[in-house]
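Asks: sharing a model that was predicted from the sequence below.
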Amino acid sequence: MSVAESRRIIVFRHAKADWPQVPDHERPLAERGRKDAAEAGRRLTDSGISFGLALCSTAVRTRETWKLAVQEFPQRPKTVYEERIYEASPGELIAVLNETPDDLRDVLLIGHNPGAQGLTEVLAGSAEGDVRERMTGRGFPTAAFAVLSFSGPWKSLEPGVATLRDYWAPAD
């Protein structure tokens, strides 16, 4: 694969979590979150993107979101559970993505807000159609995802280089 080829990043916020008396990192999904995670998985499958790698936060709610979403995929991509995604800033998430091997074209990052929304906003120097307006209007609710594309090696990923191609959020 040429490093000049288009690459895609799908930024996926975990589904709705419950609030039991446990540390934040250990919060599980709520019932609605389990439904939304599966629906997001179906929507991601419908996108036709074949993910080479999934980078998932180590938090319980992100792991549960991924487990339910990936069941909808025709093929399970390689999954890496990455501690640095939990509570990460957009800059920290870019640093994680910069480490992606250049033979991978499409990466799914399953994380948290405000990092997921912040990463999408920081990377998106441009957007197709009304995608940015839809995202701005809805925010980045639980189980939402955004599809961004850029050209070049993963090490060149930096603020403003991507195009926001798509955005989806479950109906409330």
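Replies: Arrived safely. All values reported here derive from a predicted model rather than from experimental measurement.
Asks: how about the contacts made by the closest residue to residue 92 other than its chain neighbours?
Replies: Of all residues not flanking residue 92 in the chain, residue 84 sits nearest, at 6.2 Å (C-beta to C-beta, 6 or more residues apart in numbering). For every residue, glycine as well, the C-beta is placed using N, CA and C. Contact analysis of residue 84 by C-beta atoms under 8 Å, 6 or more residues apart in numbering lists 92, 95-96.
Asks: strands of this protein, start to end?
Replies: 6-13, 53-56, 78-81, 106-111, 124-127, 145-151, 162-168 (DSSP state E).
Asks: possible to save the ones you listed as JSON lines with distance to residue 20?
Replies: Output for the strands of the chain, formatted as JSON lines (distance: least, C-beta to C-beta, whole Å):
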{"stretch": "strand 6-13", "distance to residue 20": "20"}
{"stretch": "strand 53-56", "distance to residue 20": "21"}
{"stretch": "strand 78-81", "distance to residue 20": "22"}
{"stretch": "strand 106-111", "distance to residue 20": "21"}
{"stretch": "strand 124-127", "distance to residue 20": "35"}
{"stretch": "strand 145-151", "distance to residue 20": "26"}
{"stretch": "strand 162-168", "distance to residue 20": "28"}
